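Student: Predicted model, plus sequence, below.
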Amino acid sequence: MLLAVAGFALFHDVSSPELEASPAPVEMAAPPLVAKSIPPQPELKELKREVQSGETITALLGDYFSPQEIHELNQRSRKVFPFTKICAGQPYKICISDGDFDSFVYEIDDNEQLIIRKKEDETLMKRVPIVYDVERELVQGVIKTSLFDAVNEIGEDSVLAIALADIFAWDIDFILDLRVGDTFQAMVEKRYREGQLAGYGRVLAAEFVNQKKVYRAFRFEDADGRAGYYDEEGRNVRKAFLKAPLSFTRISSGFTMKRFHPITKTWKAHPAIDYAAPPGTPIKTVGDGTIKRIGYTRGNGNFIEIRHSNGYSTLYLHMKGFARGMKRGKKLSQGQVIGYVGSTGLATGPHLCFRMRLNGKPVNPTKIKVPSSKSVAKSRMQEFNEVAAPFVVLFDETHAREMHANAQIADGVPVLESAQ
Ligand SMILES: [Zn+2]
């Protein structure tokens, strides 16, 4: 629906003849520029800088405030935003009005600013939210080499690749399962500040087609206002186990794309999934659990076994080393880093050998049915459907166009065999 509306608006604008021909509307008749010339404008100067390492508030504001005033500001800052939290590298600006200090604006983070303003005898200090103009945009891409490349190719930032991989981390192994021809689309918010793009807001809906299987996720807030992602049926995308024990972000493109899928070749003799990865790549536990075994054997090298609920356990072998604080009995939460890829024990090169067991017997992690987190409450399904429906239509339209395009090609293979 959204795309349709946007599309029509664009079409209308482009083709509309009255844009040039018709006289300006009444409210446009008096340009605001005329009013501007009446009051004398104070000369406003903005000094934009970044906090340098080791710079204190005295270094930043010493030219405009006495040591006594800075001391007072320092005291007052504790309740607003303690000056000790000012970080090197963060931008700030100092505004000078007619040669006098007007204000100091420090960027606390992407969401807030600290403002110190002199007004006659008074100095005001407050934290204010940064106001963004938010626009929604549908982004679409095709995997040719890696997710990063695909995202960059359509002019988007790598941050978006990570956001997408995070949304689908329970369904797709972005290291081993990604294939050339996989596609993604997402409705994302883009935040603009003073006309400049200033990063992404929320990802409202996303789709990933991996090896022809369609995964979709729609952002929805539960009764407590906590946001989560749910599929079209309202099932939570979060599951008891992540698909991959390594983050794809640390593995360069091509490093894994060219490798054979090890499961089919070696599963019987070697019931494990091997992830070739650069030494030192962080290894994450795929689920919440407790360390059952940790140590070294000649075959396994440095290894950890983690006990999960329902009789499952996971093993991570050949590590270069363990993350700090790992020991037997330690409780872990899903995604927590437990160690680093290495080639200790009987390993020909740096890789992670990942194994899963159910009641002590090897199981193929790609074949098990993993329980999901809480679905959308029945009482809120109608609301959820209202949120998701426009995105479903939008995503479906894309595939309808693809199908149409493919039908024109004689030897075209339907892309969406398994799309239902
Ligand atoms: Zn192995």
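Tutor: Right, received. Where do you want to start? Every value quoted in this text rests on a predicted model; they were computed, and no experiment measured them.
Student: What residues does the chain have near the ion?
Tutor: Contacts of the chain with the ion, taken as C-beta under 5 Å from the ion, map to Ala272, Asp274, Cys353. To be clear about C-beta, it is placed using only N, CA and C from the backbone, and glycine gets the same treatment.
Student: List the residues that contact the nearest residue to the first one once chain neighbours are set aside.
Tutor: Same thing as Ala272. Spatial nearest neighbour of Ala272, chain neighbours left out: Arg355 (4.5 Å); criterion: C-beta to C-beta, 6 or more residues apart in numbering. Each residue near Arg355 by C-beta atoms under 8 Å, 6 or more residues apart in numbering is listed here: Pro271, Ala272, Ile273, Thr314, Leu315, Leu317, Pro362.
Student: Mind giving me the ChimeraX command for buried ones among those?
Tutor: Selection of buried members from these for ChimeraX, criterion 16 or more other C-beta atoms under 10 Å:
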select :271,272,273,314,315,317
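Student: And the contacts of Arg355, which is closest to Glu156?
Tutor: Ile273 (30.0 Å; C-beta to C-beta).
Student: Could you list the low-pLDDT ranges of the protein?
Tutor: Where the chain drops to pLDDT under 70, the residues are 1-39, 250-268, 407-420.
Student: how about the helices of it, start to end?
Tutor: Secondary structure of the chain (DSSP state H): helices at 2-15, 18-21, 32-36, 57-61, 67-80, 147-153, 158-167, 262-266, 381-407.
Student: Can you give the distance of the fifth one from its chain's centre?
Tutor: Translated: helix 67-80. Remark: helix 67-80 is offset 37 Å from the chain centroid, using C-alpha atoms, centre = their mean, to the nearest Å.
Student: and if you look at stretch 286-301?
Tutor: Relative to the chain's own centre, stretch 286-301 is displaced by 30 Å; criterion: C-alpha atoms, centre = their mean.
Student: outside of that stretch, which residues touch it?
Tutor: So stretch 286-301 is contacted by 240-245, 302-309, 312-315, 317-319, 322, 326-334, 338, 342-347, 353, 365 (C-beta under 8 Å, 6+ apart).
Student: and if we set it to 7 Å?
Tutor: 240-242, 245, 302-308, 313-314, 317-319, 322, 326-334, 342, 344-347 (C-beta atoms under 7 Å, 6 or more residues apart in numbering).
Student: Across the sheet, point out what pairs with the residue of the chain found nearest the ion.
Tutor: Nearest residue of the chain to the ion (C-beta to the ion) works out as Cys353 at 2.9 Å. Cys353 forms beta bridges with Asp274, Leu317, as assigned by DSSP bridges.
Student: Tell me, how many residues neighbour it?
Tutor: Residues contacting Cys353 under the criterion other C-beta atoms under 10 Å number 22.
Student: The one 5 residues further on now?
Tutor: When neighbours are counted by other C-beta under 10 Å, Leu358 registers 13.
Student: Spatially central residue for the chain, please.
Tutor: In the chain, the centroid-proximal residue (C-alpha atoms, centre = their mean) is Ala163; its distance is 2.5 Å.
Student: Against which helices or strands is the longest strand out of those in the chain packed?
Tutor: Longest strand in the chain, counting residues (DSSP state E): strand 196-210. Applying 3 or more C-beta pairs under 7 Å, 6 or more residues apart in numbering; DSSP states H and E, we find strand 196-210 packed against helix 158-167, strand 183-193, strand 213-221, helix 381-407.
Student: Would you mind measuring from Phe354 to Thr366?
Tutor: Remark: distance between Phe354 and Thr366 (C-beta to C-beta, to the nearest Å) = 11 Å.
Student: Give me the more crowded residue out of those two.
Tutor: When neighbours are counted by other C-beta under 10 Å, Phe354 comes out ahead of the other of Phe354 and Thr366, with 19 against 14.
Student: Just the residues contacting stretch 330-348, thanks.
Tutor: Stretch 330-348 is contacted by residues 242, 277-291, 297-302, 304, 306, 316-323, 326, 349-352 when judged by C-beta under 7 Å, 6+ apart.
Student: What would it look like as CSV? C-alpha coordinates only.
Tutor: Taking Å, rounded to 0.1, in the frame of the first residue of the first chain, the C-alpha atoms of stretch 330-348 are listed here in CSV:
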residue,chain,number,x,y,z
LYS,A,330,29.0,-20.6,34.3
LYS,A,331,25.6,-19.4,33.0
LEU,A,332,25.6,-18.0,29.5
SER,A,333,23.0,-16.1,27.5
GLN,A,334,22.3,-16.6,23.8
GLY,A,335,24.9,-14.8,21.6
GLN,A,336,27.4,-14.4,24.4
VAL,A,337,31.1,-14.7,23.2
ILE,A,338,32.7,-17.8,24.7
GLY,A,339,36.0,-18.0,22.8
TYR,A,340,37.8,-17.4,19.6
VAL,A,341,38.4,-19.5,16.4
GLY,A,342,41.7,-21.3,16.3
SER,A,343,43.3,-24.5,15.2
THR,A,344,44.1,-26.3,18.4
GLY,A,345,43.9,-30.1,18.6
LEU,A,346,43.5,-32.1,15.4
ALA,A,347,42.7,-29.3,13.1
THR,A,348,44.2,-28.7,9.7
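Student: Report the buried residues of that stretch.
Tutor: Neighbour counts over stretch 330-348 (16+ other C-beta under 10 Å) mark Leu332, Gln334, Gln336, Ile338, Gly339, Tyr340, Val341, Gly342, Thr344, Gly345, Ala347 as buried.
Student: Switch these over to a markdown table; also include distance to Asp98.
Tutor: Shown next, in a markdown table, are the buried residues of stretch 330-348 (distance: C-beta to C-beta, whole Å):
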| residue | distance to Asp98 |
| --- | --- |
| Leu332 | 60 |
| Gln334 | 57 |
| Gln336 | 55 |
| Ile338 | 60 |
| Gly339 | 61 |
| Tyr340 | 58 |
| Val341 | 60 |
| Gly342 | 63 |
| Thr344 | 68 |
| Gly345 | 72 |
| Ala347 | 70 |
